[in-house]
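Visitor: Any chance you could fold what I've pasted below:
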Amino acid sequence: MLDALPDCENRDLFTPTEKAAVRYADTLAGDHKDADPELFTQLRQHFTESQIIELGLRIGIFLGYWRMLRVLGMTSVGEVCSLPSR
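Guide: Numbering: from 1, shown residues only. Next up is the predicted model:
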């Protein structure tokens, strides 16, 4: 299923709700300034306002976590890295 994510819009593996969530994540991960009213119109077809905010917070946490791991040089699950001493 993970291999299908980049082309999820054209795959039957994903529900319309999941596809909307992936569009939201792609927007927040990419150029978030490209978020337009149409995205939120689509999200509201599947989620309440509270759910959209909660989903956005979770997406943001995971994006931040991934960026931190990249900065620390941890690009594989399960790697351990020592922090540089000051």
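Visitor: tell me the SS of the most centrally placed residue in the chain?
Guide: Nearest to the centroid of the C-alpha atoms of the chain, with distances taken as Cα atoms, centre = their mean, sits residue 25, at 3.2 Å. Three-state assignment for residue 25 (DSSP: H, G, I helix; E, B strand; the rest coil): helix.
Visitor: so what's it scoring on pLDDT?
Guide: Note on residue 25: pLDDT of 92.
Visitor: for residue 20, same thing?
Guide: Here the pLDDT value assigned to residue 20 is 95.
Visitor: circling back: let me see the contact set for the residue nearest to the centre of the chain.
Guide: Residue 25 makes contact with residue 59, according to Cβ atoms under 8 Å, 6 or more residues apart in numbering. Glycine gets a C-beta too; all of them are placed from N, C-alpha and C.
Visitor: Let the chain start at 50 from now.
Guide: Let's use 50 as the start, then, which means that last one is residue 74.
Visitor: now it: how far from residue 105?
Guide: Using Cβ to Cβ, to the nearest Å, residue 74 is found at 9 Å from residue 105.
Visitor: low-scoring pLDDT stretches of the chain, where are they?
Guide: For the chain, applying pLDDT under 70 flags the ranges 125-135.
Visitor: Stretch 56-69: end-to-end distance?
Guide: 13 Å (Cα to Cα, to the nearest Å).
Visitor: no, scratch that, I was asking about stretch 75-88
Guide: Note: stretch 75-88 ends 11 Å apart using Cα to Cα.
Visitor: Just checking the distance from it to the centre of its chain.
Guide: Remark: stretch 75-88 is offset 11 Å from the chain centroid, using Cα atoms, centre = their mean, to the nearest Å.
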